[in-house]
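> here is my input; please provide its structure:
(2 chains)
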Amino acid sequence: MSADVLMVDGLTVYRDTYAAVQDVSFALAEGTDLAIVGPNGAGKSTLIQAILGILPRRTGAVSVMGQSLSGRGYLPAPVRHQIAYLPQNFLFDRRIPITVNELVALGWDDLGPKLPWADHRPRRLAVRQALDRVDALHLGPQPIARLSGGEMKRALLAYCLVRPRRLLILDEAPAGLDVRSESEFYRLLYQLKQEQGWAILQISHDLDMVRKHCDRVLCLNRSIRCQGTPDDALSPDNLAAVYGSDFVPYRHRH
Amino acid sequence: MGQTLFPIAIGIKLPFTPMLSLTNTLELFQLPFMQRALMGGILTGLMGGLMGSFTVLRQLSFFSDALGHSALLGISLGLLLGLSPGSLLLPFAVLFALGVAYLLERTRLWTDALLNIVYSSSLAIGVILLTFVGQYRGGINSILFGDILAVRPSNLVMASVLLLGCVLFVGLTLRSQILLTLHEPLAIARGISASAHRTAFIVLLALVVGTSIQAIGVLLISAFVVIPACAARLLSRTFTSYVILSALLGALGAVLGMVLSAVLNLPSGPAIVTMQLAIFLLAIVMPRSKLSAV
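Next up, the predicted model:
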């Protein structure tokens, strides 16, 4: 049995005065994929941000690769480097002058105090290899403001794989892509997962994708409503409990 | 001319005719006070451009303006307490900057509206306090417009140390600063302490503004932070080149402005800002398709 990359135990997170996430516990094993599903406002992004230390937690514990996340969101740097995070809709000021090469290089750096030109050669090589891996080598010199949605996702995947990781956390990563680009994104993501051995924790609204790709599902609506394999967790009864009794899932017909 | 800390810049009549030949201009820059002024301008331009590159992208331009205006309050307080204006200016600027940053985070009001309240009220209180300082020789003009010609060796040492601090801070944490500027949650997820970096940046910016005010004045200081960065943005494709170019354009504007000031006998601060504007306008009209994404 594989070791747990991520363990969450009794996590409660407050947004202002209300509990956005309450008493959530689960574990994510190495090389597996866990999807978090639930309606808007269910606390999915809040849960992920608390796991990453972006938001403070009220109670509970988070452990990544055996290291506890401190109350102030601290994790030892070697553990942090093993985590890649893609936020929901990568919104940024498009006037910021930054190329794809620079963005991907940020994923390679350990971000400690360092001279700007230190490790120039290995960084450049790693960036080239990562971009090549996602068929985006030609995008390297482009400003990221000029990228299409699909190209941006490729650049962000390169940012994730530019150095070895063990845990990938995706918050509705394909949001904003058309059907074809989304399908291409998932094809690439799962091909890379196979190669890199990533454990993936992802938020998704695409229940068909979850059924097709994910090992386990966690249904969240402030607290956990169900979890298990996709076949068990996404039963009509469970979906009604999470989304409401009048919920009728739409099935893609590819 | 006098070497008081804040002599009146506007109205200074230099001991030469308004239009100087190249030879006369070169001779002028052999005078020690002009060399100090030139060095002061270069240091201020480099600091302003360097810190301005991040200030502009983080949409803190108005913050630097508010800091500049608040300095009048710091100077007035210093004079009222019988201290040298410069002695209270830097600690006041730092405390003021941290206070405003705290207010912005706590109140969640619109940034520009809150900064407008802060800078206009601090300016008003500062002017009122100045009326109680009857024997102040420099007058309000020198505070508003500064006097780069009165820069002393100690000012240059201070500016050099501060520039070194800025270069080390930006240079050693460049990747973290880029990620924080681009996407703060992504940076925090990588273990970067956004609040620590934000505080360090604001303190450095306050020190840069406070140090530069003696030479440039309250009204024009934000131009040193904003204009070179905007010009550099128009000409840059990569983040690193943008930061370096912003600092260099700040220094270039200062050198050209000092020359313009000497040749046409113009007040130095406004002459430098005018040259920075000229560089910015040039950057606008330059063909950018291969240079920039803007």
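
> what is the burial count for the residue in the stretch 51-200 of chain A that chain B sits nearest to?
Of all residues in the stretch 51-200 of chain A, A:Pro143 sits closest to chain B, at 3.5 Å by Cβ to the nearest Cβ. Yep, even glycine has a C-beta here, placed from its N, CA and C like the rest. Residues near A:Pro143, counting by other Cβ atoms under 10 Å in any protein chain shown, number 22.

> now it: how far from A:Ala173?
With distances taken as Cβ to Cβ, to the nearest Å, A:Pro143 is found 22 Å from A:Ala173.

> please apply the same query to A:Gln196.
Remark: distance between A:Gln196 and A:Ala173 (Cβ to Cβ) = 16 Å.

> which one's more surrounded, those two?
Between A:Gln196 and A:Ala173, A:Ala173 has the larger neighbour count (other Cβ under 10 Å), namely 27 against 16.

> which residues touch that one?
Residues counted as contacts of A:Ala173 (Cβ atoms under 8 Å, 6 or more residues apart in numbering or on different chains) are A:86, A:88, A:153, A:156, A:185, A:189, A:202.

> on the three-state scheme, it is what?
At A:Ala173, secondary structure determined by DSSP: H, G, I helix; E, B strand; the rest coil is coil.

> which element is A:Asp208 on?
Taking DSSP states H and E as the definition, A:Asp208 sits inside helix A:207-213.

> and the average pLDDT for that helix is what?
Average pLDDT, helix A:207-213: 86.

> can you pull the buried residues of it?
Using 16 or more other Cβ atoms under 10 Å in any protein chain shown as the test for burial, helix A:207-213 gives A:207-211, A:213.

> ok, now stretch B:239-247?
B:239-240, B:242-247.

> do that stretch and chain A meet?
Yes: residues of stretch B:239-247 are located near chain A by Cβ under 8 Å from any Cβ of the partner chain, namely B:239-242.

> got the residues of chain B near chain A?
Residues of chain B lying near chain A by Cβ under 8 Å from any Cβ: B:57, B:59, B:171-176, B:178-179, B:181-183, B:185-186, B:188-192, B:233, B:236-242, B:292-294.

> which of the buried residues of helix A:207-213 lies closest to B:Gly45?
Distance to B:Gly45, by Cβ to Cβ, is smallest for A:Met209 among these, at 53.9 Å.

> which of the contacts of A:Ala173 fall within strands?
Per DSSP state E, strands hold the following members of the contacts of A:Ala173: A:86, A:202.

> show me which pair in the contacts of A:Ala173 is furthest apart.
A:Gln88 and A:Leu189 (15.6 Å).

> more crowded one of those two?
A:Leu189 (24 against 17).

> returning to what we had before: closest one of the residues of stretch B:239-247 next to chain A to B:Met51?
Using Cβ to Cβ, the residues of stretch B:239-247 next to chain A come closest to B:Met51 at B:Tyr242, 13.2 Å.

> A:Glu102 versus the closest one, what's the distance?
10 Å.

> repeat for A:Tyr18
Distance of A:Tyr18 to A:Glu102, computed by Cβ to Cβ: 40 Å.

> if you count what's nearby, which of those two comes out ahead?
Under the criterion of other Cβ under 10 Å, the comparison of A:Tyr18 against A:Glu102 puts A:Glu102 first, with 21 against 9.

> nearest residue to residue 70 in space, please, no chain neighbours.
In the absence of a named chain, chain A is used. The spatial neighbour of A:Ser70 that comes closest, neighbours along the chain excluded (Cβ to Cβ, 6 or more residues apart in numbering or on different chains), is A:Gly53 at 7.9 Å.

> oops, chain B please
Using Cβ to Cβ, 6+ apart, the closest residue to B:Ser70 is B:Ser122 (4.2 Å).

> my understanding was that that neighbour contacts B:Leu77; is that so?
No: under the criterion of Cβ atoms under 8 Å, B:Ser122 is not in contact with B:Leu77, lying 10.4 Å apart.

> between these two, which one's more packed in?
B:Ser122 (21 against 17).

> quick one: that one from chain A, how far?
Distance, B:Ser122 to chain A, using Cβ to the nearest Cβ, to the nearest Å: 29 Å.

> shouldn't that residue be within a helix?
Yes: in this structure, B:Ser122 lies within a helix as judged by three-state DSSP.

> wait, a strand at A:Ile169?
Yes: with three-state DSSP as the criterion, A:Ile169 is part of a strand.

> mind listing what the strand or helix carrying A:Cys219 pairs with, with the direction of each?
Using DSSP H and E, A:Cys219 falls within strand A:216-221. Using DSSP bridges, the strands paired with strand A:216-221 are strand A:33-37 (parallel), strand A:223-228 (antiparallel).

> ranking those by mean pLDDT, which is last?
Least confident of the strands paired with strand A:216-221, judged by mean pLDDT, is strand A:223-228 with a mean of 90.

> and that one, how far from the chain's centre?
Taking Cα atoms, centre = their mean, to the nearest Å, one finds strand A:223-228 lying 19 Å from the centre of the chain it belongs to.

> got the contact list for the residue nearest to B:Ser70?
Neighbours of B:Ser122 in contact, by Cβ under 8 Å, 6+ apart: B:66, B:69-70, B:72-73, B:96.

> now, those residues that are in helices?
B:66, B:69-70, B:72-73, B:96 (DSSP state H).

> now render the residues you listed as a markdown table, adding neighbour count and distance to A:Leu131.
Formatted as a markdown table, these follow (neighbours: other Cβ atoms under 10 Å in any protein chain shown; distance: Cβ to Cβ, whole Å):
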| residue | neighbour count | distance to A:Leu131 |
| --- | --- | --- |
| B:Ala66 | 27 | 42 |
| B:His69 | 23 | 46 |
| B:Ser70 | 28 | 46 |
| B:Leu72 | 27 | 51 |
| B:Leu73 | 25 | 52 |
| B:Phe96 | 21 | 45 |
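
> ok, these vs B:Leu144, which is closest?
Nearest to B:Leu144 among the ones in helices among the contacts of B:Ser122, with distances taken as Cβ to Cβ, is B:Leu72, at 7.9 Å.

> separation between the closest one and B:Phe145?
For B:Leu72, the distance to B:Phe145 under the criterion Cβ to Cβ works out to 12 Å.

> can you check A:Asp206 too?
Taking Cβ to Cβ, one finds A:Asp206 at 61 Å from B:Phe145.

> buried sites along the host helix or strand of B:Ala113?
Per DSSP H and E, B:Ala113 falls inside helix B:111-131. Residues B:111, B:114-115, B:118-119, B:122-123, B:126, B:129-130 are the ones in helix B:111-131 that count as buried (16+ other Cβ under 10 Å).

> and which of those residues is nearest to chain A?
B:Thr111 (14.4 Å).

> relative to B:Met258, how far out is the closest one?
34 Å.

> can you check B:Arg175 too?
Distance from B:Arg175 to B:Met258, by Cβ to Cβ: 35 Å.

> likewise A:Pro164?
For A:Pro164, the distance to B:Met258 (Cβ to Cβ) stands at 53 Å.

> compare these two and say which one has the larger neighbour count.
Of the pair A:Pro164 and B:Met258, B:Met258 is the one with more neighbours under other Cβ under 10 Å, namely 27 against 10.

> correct me, but the more buried one touches B:Ile272?
Yes: contact criterion Cβ under 8 Å: B:Met258 and B:Ile272 qualify, at 6.8 Å.

> need the overlap of contacts for these two.
Contacts common to B:Met258 and B:Ile272, judged by Cβ under 8 Å, 6+ apart, are B:41, B:148.

> how about B:Ala254, phi and psi?
Note on B:Ala254: its backbone torsions stand at phi -70, psi -40 [degrees, to the nearest 10].

> list the contacts of it.
With Cβ under 8 Å, 6+ apart, B:Ala254 has these contacts: B:38, B:41-42, B:44-45, B:272, B:275.

> I'd like to know which of those is nearest to B:Gly253.
Nearest to B:Gly253 among the contacts of B:Ala254 is B:Met275, at 4.8 Å by Cβ to Cβ.

> wouldn't the closest one be in contact with B:Leu249 here?
No: with contact defined as Cβ under 8 Å, B:Met275 does not count as touching B:Leu249 (10.1 Å).

> neighbours around the closest residue to B:Gly146 other than its chain neighbours, how many?
The spatially closest residue to B:Gly146, leaving aside those adjacent along the chain, is B:Gly217, at 3.3 Å (Cβ to Cβ, 6+ apart). Neighbour count for B:Gly217, taken as other Cβ under 10 Å: 28.
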